[in-house]
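Colleague: need coordinates for the following:
(one chain, ligands or ions: 1)
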Amino acid sequence: MRMYDLIVKKRNGGAVSRDELEYMIGESTQDRIPDYQMSAMMMAIYFRGMTEEETLNLTMAMAHSGEILDLSGIRGIKVDKHSTGGVGDKTSLALIPMVSACGIPVAKMSGRGLGHTGGTIDKLESFPGFSTGISTEQFTRQVNRIGIAIMGQTKDLAPADKKIYALRDVTATVDNMSLIASSIMSKKLAAGADAIVLDVKTGSGAFMKKEEDAFALAEEMVRIGNGAGRRTRAVISDMDQPLGRAVGNALEVKEAIDTLQGNGPEDFVELCMTLGSQMLICGGAAGDEKQARSMLENVIADGSALRRLAEFVEAQGGDASAVWDPQLLPQAQETWQILSPAEGYVSHIACDEIGICSLILGGGRETKDSCIDLSVGFVLQKKTGDAVQKGDILAVMHGSDAQKMEQAQKRFLKAYQFSDHAPAKLPFIRGIIS
Ligand code: URA
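Modeller: Coordinates of the predicted model:
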């Protein structure tokens, strides 16, 4: 087989067979395909597309390019969750203790963030001492003991995807639906869970800005997951404004704790309930959504989800005191109120801009090696649809550097739009694909 012939085939609109895709991924993982040929192939796929069968075969080949995590030592049906990401997305922090407290074992691999705020691991590091540097054996033992563990992504998780994604990123071939779906799903399949629940975001703070694209991506990923023998469902949720009220690592941890105490913001609670229900159904703990919601409500009301978070933080070396006293989380030196320059209604919030403001304050990573300031960010007081008077507080900004705060404040104010009538309200959950 020759890579050249596969490129010609795809360039001419043909379908690449499973053997050919396995050859391509196998050779690429062994560094035997030059970057220019793989880039040419990605561009050919970008323009010609892939069939459902090709997409599944590419995903499987990439998933098997490294280690497939063996979770067979963990009792029960393991259900993983993945979000396509957005601003203020602290969902795992509240959701995984909730589903774990309902009896679903959570064995999750997570990453650090590149962009506006940190990833789940960065956020959890708001608890001093918390570490995800645990071995697979410790990971398995911990899930069997307390029902929940998170480890960092190993280098050997779908290495072919890592290499190919790096090329796509610099050759303008990221935004192809089949390539995105196979990239995300190859990592999820390699992470070993029996079932997968996907949270696909749509709106100005999401990877998929248009709702129809979010649905198409969700459908493609559900097809791949089910085709690979994993029960897979997807929720399409709004990311046209930040999720909840908090944006920034420790601030989001606090909001997750509030939620586990029954005091979460409406949209965030709804997302946790929707995703959690799908996880309980996929994991066989609930027969239908009504039963699942009632189980999730119970573990919040009786405090068991919050206790599960504390047990989990402690099991991974962290100081869980902040679960009981969130004042102990990293605190910024200053808080500034950002005041409304207009009266009327908030008609739109440029969600990705709020993410960039958090990055300016130091809450995210510009490069892989940047350090994150866990304490900084925003707590929004006004969201889309809210009525405002001139001078009302739109948000409280937490920061430690006046110059950065000035810059972030200016940009933050530009992200808000106002009108004299209330904007049409779209449902927060746009759909569920099962
Ligand atoms: N995230 C991924 O992991 N892969 C893509 O291709 C796009 C987003």
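
Colleague: give me every residue in the stretch 151-300 of the chain lying close to the ligand.
Modeller: Residues of the stretch 151-300 of the chain that fall close to the ligand, judged by Cβ under 6 Å from any ligand atom: 165, 174, 179, 180, 183, 184. (C-beta placed from N, C-alpha, C; glycine too.)

Colleague: what do you get if the cut-off is 5 Å, keeping everything else the same?
Modeller: Selection of the stretch 151-300 of the chain residues close to the ligand by Cβ under 5 Å from any ligand atom yields 180, 183, 184.

Colleague: turn those into JSON lines, columns for secondary structure and distance to residue 152.
Modeller: Below are these laid out as JSON lines (DSSP: H, G, I helix; E, B strand; the rest coil; distance: Cβ to Cβ, whole Å):
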{"residue": "180", "secondary structure": "helix", "distance to residue 152": "23"}
{"residue": "183", "secondary structure": "helix", "distance to residue 152": "19"}
{"residue": "184", "secondary structure": "helix", "distance to residue 152": "18"}
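
Colleague: got these as CSV, with pLDDT, neighbour count and distance to residue 218 columns?
Modeller: Shown next, in CSV, are those (pLDDT from 0 to 100; neighbours: other Cβ atoms under 10 Å; distance: Cβ to Cβ, whole Å):
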residue, pLDDT, neighbour count, distance to residue 218
180, 96, 20, 11
183, 96, 21, 15
184, 96, 23, 11
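
Colleague: and which of the residues you listed is nearest residue 222?
Modeller: residue 184 (11.6 Å; Cβ to Cβ).

Colleague: double-check the closest one against residue 221; I have them as touching.
Modeller: Yes - using Cβ atoms under 8 Å, residue 184 makes contact with residue 221 at a distance of 6.4 Å.

Colleague: quick check, nearest of the residues of the stretch 151-300 of the chain next to the ligand to residue 252?
Modeller: Nearest member of these to residue 252, counting by Cβ to Cβ, is residue 184, at 22.1 Å.

Colleague: where in the stretch 51-200 of the chain is pLDDT low?
Modeller: Low-confidence segments of the stretch 51-200 of the chain, defined by pLDDT under 70: 114.

Colleague: wait, residue 333 touches residue 400, no?
Modeller: Yes - look at residue 333 against residue 400 with Cβ under 8 Å: they come within range, at 4.3 Å.

Colleague: okay, these two: which has more neighbours?
Modeller: For the pair residue 333 and residue 400, the greater number of neighbours falls to residue 400 (15 against 11), based on other Cβ atoms under 10 Å.

Colleague: wait, that one sits on residue 376?
Modeller: Yes - judged on Cβ under 8 Å, residue 400 makes contact with residue 376 at a distance of 6.5 Å.

Colleague: overlap of the contact sets of these two?
Modeller: Residues touching both residue 400 and residue 376 (Cβ atoms under 8 Å, 6 or more residues apart in numbering) are 332, 362.

Colleague: closest one of the residues of the stretch 151-300 of the chain next to the ligand to residue 141?
Modeller: Looking across these and measuring by Cβ to Cβ, the closest to residue 141 is residue 184, at 28.6 Å.

Colleague: which one is residue 199 nearest to, not counting chain neighbours?
Modeller: Distances taken as Cβ to Cβ, 6 or more residues apart in numbering put residue 83 closest to residue 199, at 4.2 Å, once the chain neighbours are dropped.

Colleague: what of residue 93?
Modeller: That would be residue 256: by Cβ to Cβ, 6+ apart, it lies 3.6 Å from residue 93.

Colleague: for residue 342, same thing?
Modeller: Once flanking residues are discounted, residue 342 sits nearest to residue 418: 4.2 Å by Cβ to Cβ, 6+ apart.

Colleague: mean confidence for stretch 218-233?
Modeller: The pLDDT scores in stretch 218-233 average 97.

Colleague: buried ones in that stretch?
Modeller: For stretch 218-233, a neighbour-count test (16 or more other Cβ atoms under 10 Å) marks 218-225, 227-228, 230-233 as buried.

Colleague: how near is the residue nearest the centre of the chain to the ligand?
Modeller: Note on the chain: the residue nearest the mean C-alpha position is residue 83, at 3.2 Å, using Cα atoms, centre = their mean. Residue 83 is 11 Å from the ligand, where distance means Cβ to the nearest ligand atom, to the nearest Å.

Colleague: for that residue, grab phi and psi.
Modeller: When read as degrees, to the nearest 10, the backbone of residue 83 gives phi -120, psi 140.

Colleague: residues contacting it?
Modeller: Residue 83 makes contact with 89, 91, 92, 198, 199, 201, according to Cβ under 8 Å, 6+ apart.

Colleague: with neighbour count added, can I get those residues in a markdown table?
Modeller: Below are the contacts of residue 83 laid out as a markdown table (neighbours: other Cβ atoms under 10 Å):
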| residue | neighbour count |
| --- | --- |
| 89 | 30 |
| 91 | 24 |
| 92 | 24 |
| 198 | 26 |
| 199 | 25 |
| 201 | 27 |
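
Colleague: and these, which is closest to residue 53?
Modeller: Out of those, the member with the shortest distance to residue 53 (by Cβ to Cβ) is residue 198, at 20.7 Å.

Colleague: how much space is there between the closest one and residue 204?
Modeller: 20 Å (Cβ to Cβ, to the nearest Å).

Colleague: would you map the strands across this protein?
Modeller: Remark: strands assigned in the chain by DSSP state E are 79-83, 106-110, 148-152, 195-202, 231-238, 246-247, 334-339, 344-349, 377-380, 387-388, 393-399, 416-419, 429-433.
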